[in-house]
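1. A structural model of the following input is requested.
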Amino acid sequence: MVTVGLNFTKIVAERAGASQQNIHIQNTTSILSVKESTIADPKKSLLKFEFEFTCTYTPDIGKILLTGELLEIYDRDVATKILTGWGSNRNVAPELMEHILNVILSRANIEALVISREVGLPSPFAMPKATVNIKPKNPEVKTVGEIRPAAKPEVKKDDKKKK
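-> Below is the predicted model:
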């Protein structure tokens, strides 16, 4: 499989209220359809996965909706299995679905993050935070006063003449 591209066809964002303390954000990704397109190579097939990515805020302070399409090239036999599975029960093999969803999420999460900032909504996912671990001082080591660097060795005047 080769990812050819990912395009957003619809972007909707709205803020309905002010930010509150206890906000729950649910992100949902859905595949709406899978369609085949022909390409010049008869051994390959181009599949278009139409998707929808939604960030729902509870309580209802806003919503972000991204609709788009992911284009991928597969070997003809793999593409046939995907289309057959999708046509019979709207299902794709788990190992292929994992790849498809990860590609969509990698782009949609970044886009949703930028959009949330623009409309004044909280980030749709938890941002990483730095923590600093301060180690307690070793109680066995007693320090008195300050630590000074070692003194420079004295050079005798006679040693200078020998050099």
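2. Please spell out which residues along the lengthiest helix in the chain are buried.
-> In the chain, assigned by DSSP state H, the helix with the most residues is helix 94-119. Buried residues in helix 94-119, counted by 16 or more other C-beta atoms under 10 Å: 96, 100-101, 103-105, 107-109, 111-113, 115-116. Every C-beta, even on glycine, is put in place using the N, C-alpha and C of the backbone.
3. Dump stretch 83-96 to PDB, keeping only the CA atoms.
-> Output of stretch 83-96 as PDB, limited to C-alpha atoms (Å, rounded to 0.1, in the frame of the first residue of the first chain):
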ATOM      1  CA  LEU A  83     -13.900  -3.700  -1.800                       C
ATOM      2  CA  THR A  84     -15.500  -7.100  -1.200                       C
ATOM      3  CA  GLY A  85     -15.400  -6.800   2.600                       C
ATOM      4  CA  TRP A  86     -16.700  -3.200   2.400                       C
ATOM      5  CA  GLY A  87     -19.500  -4.200   0.000                       C
ATOM      6  CA  SER A  88     -20.700  -7.100   2.000                       C
ATOM      7  CA  ASN A  89     -20.700  -5.700   5.600                       C
ATOM      8  CA  ARG A  90     -18.900  -2.400   5.500                       C
ATOM      9  CA  ASN A  91     -15.800  -4.000   7.100                       C
ATOM     10  CA  VAL A  92     -12.100  -3.800   6.300                       C
ATOM     11  CA  ALA A  93      -9.500  -6.300   7.600                       C
ATOM     12  CA  PRO A  94      -8.200  -5.000  11.000                       C
ATOM     13  CA  GLU A  95      -4.500  -4.800  10.000                       C
ATOM     14  CA  LEU A  96      -5.500  -2.600   7.000                       C
END
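4. how far is that stretch from where the chain is centred?
-> Computed by C-alpha atoms, centre = their mean, to the nearest Å, the chain-centroid distance of stretch 83-96 equals 25 Å.
5. got the contact list for it?
-> Stretch 83-96 has contacts (C-beta atoms under 8 Å, 6 or more residues apart in numbering) with 1, 31, 33-34, 36, 47, 78, 81-82, 100.
6. just stretch 111-124 next, same as before
-> With C-beta under 8 Å, 6+ apart, stretch 111-124 has contacts from 8, 11, 13-15, 19, 23, 25, 27, 53, 55, 57, 61-62, 64, 66, 109, 125.
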